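In: quick one, fold the following:
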Amino acid sequence: MPSVFLLVVAVALSVFGCDQRAGASDAIAAAPVPEGPDLVTDTVPRVSHMSMPRIVRGLYVNRWAALGSKMNEMIGLAKTTEINALIIDVKDDRGFVLYRSNVPLAREIGADTNSPMSQSRLRAILDTMRAHNIYPIARIVVVKDPLLAEKKREWAIKRTSDMQPWLDRNGKPWLDAHQRGVWQYAADLGREAWDLGFSEVQLDYVRFPDEKRLIRESVFPLAQGRSRAQVIRDQLGYTRRLLRANGIPMTIDVFGLTATDSTDMGIGQKWEMFVDQADAVLPMNYPSHFAPGTYKLSNPNAQPFATIDNAMKDVRRRTAPVRGAGRIIPWYQDFTLGAPRYGVEQVRAQIEAGYKNGYYDWVLWNPGSRYTIGALRPKSALEEGLRSLTADSTRRASAARRADSVRRADSGRRSDSVRALPR
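Out: Predicted coordinates for the structure are as follows:
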């Protein structure tokens, strides 16, 4: 990708203030509240898990929203609309864990001491979600963890100049993705979330920081000749094996541009090298994050349908040759970053562009967990989606068989031509 293009992307992300994630959740402040009347606890002392739905349509729930009364609102939306999954911060991008943890490292660094959710409330939330067939996903941020990076400095990225922690544009340290203990910690928290009743572990920030100066300012003694993309692949494979040993599905969030850019974008995320390392891959396809001129669009943010249409075509093209590739579940934008203001029209445009390309799963991101309710369809939309998915799968399978038949026929004709040549 041209350097000018990457520079524009980097500027856009810098303005955004939190990489691919619009607005940090710590901008949202709310005090923990008692259990709401809609939360009911199952008195039977057991934990059961849901299988990933055939179609996933979800909303992100930040840590403060989960702790506060907004959690009832999120569950209410999932009970009455096509939403059937909630992605809840179990460890956010400040390093704080949602509830009191039994993971030794979390206890050691105090990651579970910032207004932790009570066990009874967590149980009530998960029981209520299960009762209403709402799929609970535990979001765990991996390398963007300033709390752990400060407490365990040997795991932080180091400056070449003085071997002190490297700091990002916000003055925060990052964990070094080469450090195996970082991924072990994520897996340990994931196993705990599973034991508590979450049905999937979703890893975010599975990458290096997206700042070009990182390379010239930092040292990575554990690289051992590996590229950044190989390191991320290796660590994802390691973490997945740890979770799979307990039967836990692992999914990953990645930059949306990784399906379009042919490089690792400087962050260690190269599509073909991670798409087979998770049960599902969630590209963050936010139109506001595509630079002017991408797909020959002067302002991708103002053309959400065209932007997502092109992005998902790239996703399908890059995924098709990869054996064992994970399921693709795109993130879409339900926030405003520049003109126009995003509302029903813009959110639905992204969703419909995904459908056009055969992707009937989606999840919405809003940093404050404030969603455009008018963009959500009723529960019946899930059944419509299943019918469309089945029909689309049948069409694609038929097209693949026809293409294979044509290839075999062409091969046969070429063989006949060779045999007919004089010897």
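
In: where does the closest residue to V61 other than its chain neighbours sit: helix, strand or coil?
Out: In this structure, V61 finds its nearest non-sequential neighbour in I88, 4.7 Å apart by C-beta to C-beta, 6 or more residues apart in numbering. Every residue, glycine included, has its C-beta placed from N, CA and C. Per DSSP: H, G, I helix; E, B strand; the rest coil, the secondary structure class of I88 is strand.

In: by contact count, what packs against the host helix or strand of R123?
Out: Counting by DSSP states H and E, the element that carries R123 is helix 119-131. Identification of packing neighbours for helix 119-131 by 3 or more C-beta pairs under 8 Å, 6 or more residues apart in numbering; DSSP states H and E yields helix 70-80, strand 135-141, helix 180-196.

In: and the angle from the shortest one to helix 70-80?
Out: Right, the one you point to is strand 135-141. Orientation note: strand 135-141 sits at an angle of 140 degrees relative to helix 70-80 (axes from the mean of the first three to the mean of the last three C-alpha atoms, to 10 degrees).

In: which is the next helix or strand following strand 135-141?
Out: Read in the C-terminal direction, the helix or strand following strand 135-141 is helix 146-151, with elements assigned using DSSP H and E.

In: give me the buried positions along that following helix.
Out: For helix 146-151, a neighbour-count test (16 or more other C-beta atoms under 10 Å) marks P146, L147, L148, A149, K151 as buried.

In: follow-up on the earlier one: got a list of what the residue nearest to V61 touches?
Out: With contacts defined as C-beta atoms under 8 Å, 6 or more residues apart in numbering, I88 is in contact with V61, A66, L98, P136, I137, A138, R139, F198.

In: thought the second one was touching M129?
Out: This points to A66. No. Checked against C-beta atoms under 8 Å, the pair A66 and M129 is beyond contact range at 11.5 Å.

In: hang on, the earlier thing: can you redo the contacts of I88 as a markdown table with neighbour count and distance to R244?
Out: Converted to a markdown table, these look like this (neighbours: other C-beta atoms under 10 Å; distance: C-beta to C-beta, whole Å):
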| residue | neighbour count | distance to R244 |
| --- | --- | --- |
| V61 | 25 | 26 |
| A66 | 25 | 26 |
| L98 | 26 | 23 |
| P136 | 23 | 19 |
| I137 | 23 | 17 |
| A138 | 24 | 16 |
| R139 | 26 | 19 |
| F198 | 26 | 16 |
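
In: looking at the residues you listed, which is nearest R169?
Out: Of all these, the one sitting nearest R169 is R139; the distance, using C-beta to C-beta, is 23.1 Å.

In: give the closest residue to the residue nearest the centre of the chain in space, chain neighbours not counted.
Out: When the chain is reduced to its mean C-alpha position, the closest residue under C-alpha atoms, centre = their mean turns out to be D253, at 2.2 Å. Taking C-beta to C-beta, 6+ apart, and ignoring the residues beside it in sequence, D253 has D204 as its nearest neighbour in space, at 4.3 Å.

In: neighbours of that neighbour, how many?
Out: 27 (other C-beta atoms under 10 Å).

In: what helix or strand does K313 sit in?
Out: Assigning secondary structure by DSSP H and E places K313 in helix 304-319.

In: and that helix, what does it pack against?
Out: Judged by 3+ C-beta pairs under 8 Å, 6+ apart, helix 304-319 is in contact with helix 271-274, helix 344-356.

In: name the surrounding residues that touch the longest one.
Out: When contacts are defined by C-beta under 8 Å, 6+ apart, helix 344-356 is touched by residues 285, 287, 304-309, 312, 330, 332-334, 340, 360, 362, 364, 372, 374-375, 388.

In: in stretch 97-113, what's buried?
Out: Using 16+ other C-beta under 10 Å as the test for burial, stretch 97-113 gives V97, L98, Y99, S101, V103, L105, A106, I109, A111, D112.

In: what do you get for stretch 169-183?
Out: K172, P173, W174, L175, D176, A177, H178, Q179, V182, W183.

In: the strands in the stretch 251-400 of the chain, which residues?
Out: Across the stretch 251-400 of the chain, reading from the start of the chain, the strands by DSSP state E, counting those that start in this stretch fall at 280-284, 327-328, 331-333, 362-365.

In: closest to T258 out of the ones you listed?
Out: It is, among those and with distance given as C-beta to C-beta, strand 280-284, at 6.6 Å.

In: quick revisit: mind putting the strands of the stretch 251-400 of the chain into a markdown table with mean neighbour count, distance to S398 and mean pLDDT?
Out: Converted to a markdown table, those look like this (neighbours: other C-beta atoms under 10 Å; distance: least, C-beta to C-beta, whole Å; pLDDT from 0 to 100):
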| stretch | mean neighbour count | distance to S398 | mean pLDDT |
| --- | --- | --- | --- |
| strand 280-284 | 23 | 25 | 98 |
| strand 327-328 | 18 | 21 | 98 |
| strand 331-333 | 24 | 29 | 98 |
| strand 362-365 | 23 | 25 | 98 |
